[in-house]
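Trainee: I would like to see how this sequence folds:
(one chain, ligands or ions: 1)
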Amino acid sequence: MRSILHSDANCFYASVEAVLNPELRDKAVAVCGSEEDRHGIVLAKSEKAKRAGVTTGMACWEARSKCPDIIIVKPHFEYYSKFSKYLHEIYQRYTDLVEPFGLDECWLDVTNCLKSPMEIAEEIRQTVKDELGLTVSIGVSFNKVFAKLGSDLKKPDAITEITEENFKSKIWGLPCSDLLYCGRSMTEKLKRIGVKTIGQIAELTHEYMMGKFGKAGSDLWIYANGLDNSQVAHKDHYEPAKSIGHGITCVSDIRKLDEGNKVIYALCQDIGYKLRAMKLRAKGVSLGIKYKDLTYQGYQVKLENPTQDEGFIAKTACEILKKHYDPMHIIRALTVTAINLEDEDANEQISMFFDYEEREKREKLNKVIDEIKREYGSAAIKPAIILDEDKMPSKEQGKVLPGKMHR
Ligand SMILES: [Mg+2]
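Mentor: Numbers count the residues shown, from 1 in each chain. Model prediction:
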């Protein structure tokens, strides 16, 4: 039997900020896209802010009204990726089979270690705290899916073991959506056939789930029954991040197109900054629209030329919004995601008509902007649209494809 750990750093961005600035420790902290109240959006929050009702994607002013003593800080993505590396270094003391899932989560395969998986989990929990000043929650199990689920069950600073003996009693009563890859739309479909818990998935037949939902249904049945046998990748296995910007949602009613455009530009500021900090380029943009009646639509667009420029990403997202905008349908939340990411040094296939000079100019400009932001905070520079709606960038980039998002 395999022994898999899934370690998840708790409130990662906010915790790193508290390590860098001890005055923030044990306080209600929100990491916000831009410091100014009107346009800032909460990217991450501390445990205390979370308890006060602050959620990711909330406007800063809203966070402040929920939690008046909240401390707003600007993001330092370069430190988050540094701390992510430090975490990996600790994990690699035990095994080379360390597979990251985002910046703050990792699977470890410790099957062939001398110490027991619970011992290792306990050591990691303590070491991360002592050496980095962060807390992690760890799931210990016999497959990746249950290890991941275990790390969500108790947090912060906790260990949960899910064994072959106890998984039915520990997991089967939980909602389907707790299962990895059981997204919003699948959860909705399952509900329609009366399936609400992981146990209910497990008790259907594999044939039924396969026939009804195809490969996704088959996978969920396998996961629910504890039969996931996917491997933990080797630490040197390189798989670039697939997307940046997911989960960054603006939660306030949007009743006009230009309000939506402003939110998009505010969201994209961070996406561009993050892409450049992580040396990645986006080959596509997706826009998620959640309406007041809680329905959700996702659209994605392929970019002809990969970019790390927030202006292009925002413009593309605004085009999608414009195309699908219906003034009668009030928008609750927008999510912009840079998708299909590639290394910035990757060999690009650039279309014949691409304006290299224009891109070089923009890249130089972005570097200067990043430096100013680091020096004076992200509120120092704002896209023109937030100040003046007529100043949208006009460069043509990307074509709107009719495709829908999977999740
Ligand atoms: Mg985390």
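Trainee: when you work out contacts or count neighbours from here on, use the C-alpha atoms and nothing else.
Mentor: Fine.
Trainee: that's a strand at G272, yeah?
Mentor: No - counting by DSSP: H, G, I helix; E, B strand; the rest coil, G272 is not found in a strand; it is helix.
Trainee: go ahead and confirm it touches F312.
Mentor: No - distance between G272 and F312: 9.3 Å, which falls outside the contact criterion (C-alpha atoms under 8 Å).
Trainee: these two: who's more crowded?
Mentor: When G272 and F312 are compared on other C-alpha atoms under 10 Å, the one with more neighbours turns out to be G272, at 27 against 23.
Trainee: now do the closest residue to the more buried one other than its chain neighbours against C318, distance only.
Mentor: Distance criterion C-alpha to C-alpha, 6 or more residues apart in numbering; nearest residue to G272, sequence neighbours excluded, is E310 at 4.4 Å. According to C-alpha to C-alpha, to the nearest Å, E310 stands 12 Å off from C318.
Trainee: please pull out the lowest mean pLDDT helix or strand from this structure.
Mentor: Of the helices and strands making up the chain, the lowest-confidence element is helix 384-387, at a mean of 48, by mean pLDDT, DSSP states H and E.
Trainee: so who does V136 touch?
Mentor: The contact partners of V136, by C-alpha atoms under 8 Å, 6 or more residues apart in numbering, come to S7, D8, A9, N10, R125, V128, K155, P156, D157, A158.
Trainee: show me the beta-bridge partners of the third one.
Mentor: Same thing as A9. Per DSSP bridges, residues listed as beta-bridge partners of A9: V136.
Trainee: output the below-cut-off pLDDT ranges for this structure.
Mentor: Per-residue confidence of the chain (counting by pLDDT under 70) places the weak regions at 34-39, 238-242, 246-252, 346-359, 372-407.
Trainee: how is it partitioned into domains?
Mentor: Following automatic domain parsing, the chain resolves into domains at 1-171, 173-229, 243-391.
Trainee: quick check: R184 touching P175?
Mentor: No - here R184 lies out of contact with P175, judged by C-alpha under 8 Å, at a distance of 11.9 Å.
Trainee: looking at these two, which is more packed in?
Mentor: In this comparison of R184 against P175, neighbours counted by other C-alpha under 10 Å, the higher total goes to P175 at 16 against 12.
Trainee: thinking again about what came up before, now render the domains of the chain as TSV, adding distance to K235.
Mentor: TSV is the format used below for these (distance: least, C-alpha to C-alpha, whole Å):
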stretch	distance to K235
domain 1-171	5
domain 173-229	18
domain 243-391	18
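Trainee: ignoring the adjacent residues along the chain, who's closest to K129?
Mentor: Spatially, and ignoring its direct neighbours in sequence, K129 is nearest to T135 (5.6 Å; C-alpha to C-alpha, 6+ apart).
Trainee: residues contacting the one you found?
Mentor: The neighbours of T135, taking C-alpha under 8 Å, 6+ apart as the test, are A9, N10, R125, V128, K129, P156, D157.
Trainee: keep only those residues that also lie close to the ion.
Mentor: The subset of the contacts of T135 within reach of the ion, counting by C-alpha under 5 Å from the ion, consists of A9, N10.
Trainee: host element of the residue in the stretch 301-407 of the chain that the ion sits nearest to?
Mentor: Using C-alpha to the ion, the single residue of the stretch 301-407 of the chain nearest to the ion is T337, 18.8 Å away. With secondary structure defined by DSSP states H and E, T337 is part of strand 331-343.
Trainee: kindly report the same for E119.
Mentor: With elements taken from DSSP H and E, the one containing E119 is helix 117-127.
Trainee: next, count neighbours for H76.
Mentor: Residues within reach of H76, counting by other C-alpha under 10 Å, total 17.
Trainee: now the closest residue to Y325 other than its chain neighbours: how far from K322?
Mentor: In space, not counting the residues next to it along the chain, Y325 is nearest to L257; the distance is 7.2 Å by C-alpha to C-alpha, 6+ apart. In this structure, L257 and K322 are 7 Å apart, going by C-alpha to C-alpha.
Trainee: same check on Y86?
Mentor: From Y86 across to K322, the span is 43 Å (C-alpha to C-alpha).
Trainee: ditto for A121
Mentor: From A121 across to K322, the span is 49 Å (C-alpha to C-alpha).
Trainee: look at the residue lying farthest from the centre of the chain and give its secondary structure.
Mentor: Centroid-distance maximum for the chain: L114 at 34.1 Å, with C-alpha atoms, centre = their mean. Secondary structure for L114, judged by three-state DSSP, is coil.
Trainee: quick one: buried residues of stretch 47-57?
Mentor: E47, K48, A49, K50, V54, T55, T56, G57 (16 or more other C-alpha atoms under 10 Å).
Trainee: now the helices: where do they sit in the protein?
Mentor: For the chain, the helices identified by DSSP state H occupy 12-20, 47-51, 60-66, 77-91, 117-127, 144-153, 167-171, 184-192, 198-203, 206-224, 257-277, 310-324, 356-376, 384-387, in order along the chain.
Trainee: and the chain, which residues reach the ion?
Mentor: Proximity of the chain to the ion, by C-alpha under 5 Å from the ion, involves residues D8, A9, N10.
Trainee: hmm, the second one is touching D104, no?
Mentor: Yes - look at A9 against D104 with C-alpha under 8 Å: they come within range, at 5.3 Å.
Trainee: ok so, going back, surely the residue of the stretch 301-407 of the chain closest to the ion touches I264?
Mentor: No - taking contacts as C-alpha under 8 Å, T337 lies outside contact range of I264: 10.3 Å.
Trainee: okay, now the closest residue to S218 other than its chain neighbours: neighbour count?
Mentor: The shortest distance from S218 to any residue other than its chain neighbours is 4.7 Å, reached at M210 (C-alpha to C-alpha, 6+ apart). Number of residues near M210 (other C-alpha under 10 Å) recorded here: 16.
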